[in-house]
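> Need coordinates for the following:
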Amino acid sequence: MTTLLTIAYRCHVAGSTLFALMGLVYLLRRKFMPYHAVALGRRWEDLDGPSRTLFLASMRIIGSAWLAIALALLVLLRYGFRAGLQWSIYGVPLIGLTVALPALLTVIHVKARTRASPPWPPLAMAVALFLTGLLLSVGDPCAGVRPGTADPAAGRRSGGTIN
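Next comes the predicted model:
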């Protein structure tokens, strides 16, 4: 891989790692996050049993989804991006951005509508990492060039590999 593609790869790995860490936080919690209490105006202890069950179930679903997405991205990076498969130049960062950007907009909405301070910095960092990786990959003239081909456009049209 070229220097630009190596940096792009590392950006994508870092973004995927953030997803995994966020997933673990939500999956392993035994009660809701402090910002949830502020947003709701209620302490965990003030919620009835069914509300607690529903809240924890939602957090565990979200946590496992973050972990699954992180794992899928890391597999695509290892066996697609590193292997030089051209589709991964767009596929990996677009998946990451499709997950991180709506999540970021949602926590910004919560922050704007409540007194809570949701954890937006990791999401903003993930957006920045996947966007940077995409721009570096697309900006690399060797991205999508099949081995033995001098024309980058030929590799892109044919679904070739990254050098």
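> any idea which residue sits dead centre in this protein?
Gly96 (3.9 Å; CA atoms, centre = their mean).
> Can you list the low-confidence ranges for this protein?
Low-confidence segments of the chain, defined by pLDDT under 70, span residues 144-163.
> again, only using 80
141-163 (pLDDT under 80).
> Helices of that one, residue ranges please.
Along the chain, counting by DSSP state H, helices occupy 3-28, 34-40, 49-76, 87-113, 120-139, 152-158.
> Quick check: buried residues in the fourth one?
For helix 87-113, a neighbour-count test (16 or more other CB atoms under 10 Å) marks 88-89, 92-93, 95-97, 99-101, 103-104, 107, 110 as buried. Just so you know, the C-beta spots here come from the backbone N, C-alpha and C atoms, and that holds for glycine as well.
> Pipe those into a markdown table and attach distance to Glu45 per row.
Putting the buried residues of helix 87-113 into a markdown table (distance: CB to CB, whole Å) gives the following:
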| residue | distance to Glu45 |
| --- | --- |
| Ser88 | 47 |
| Ile89 | 49 |
| Val92 | 42 |
| Pro93 | 42 |
| Ile95 | 39 |
| Gly96 | 37 |
| Leu97 | 38 |
| Val99 | 32 |
| Ala100 | 32 |
| Leu101 | 35 |
| Ala103 | 28 |
| Leu104 | 30 |
| Val107 | 24 |
| Val110 | 22 |
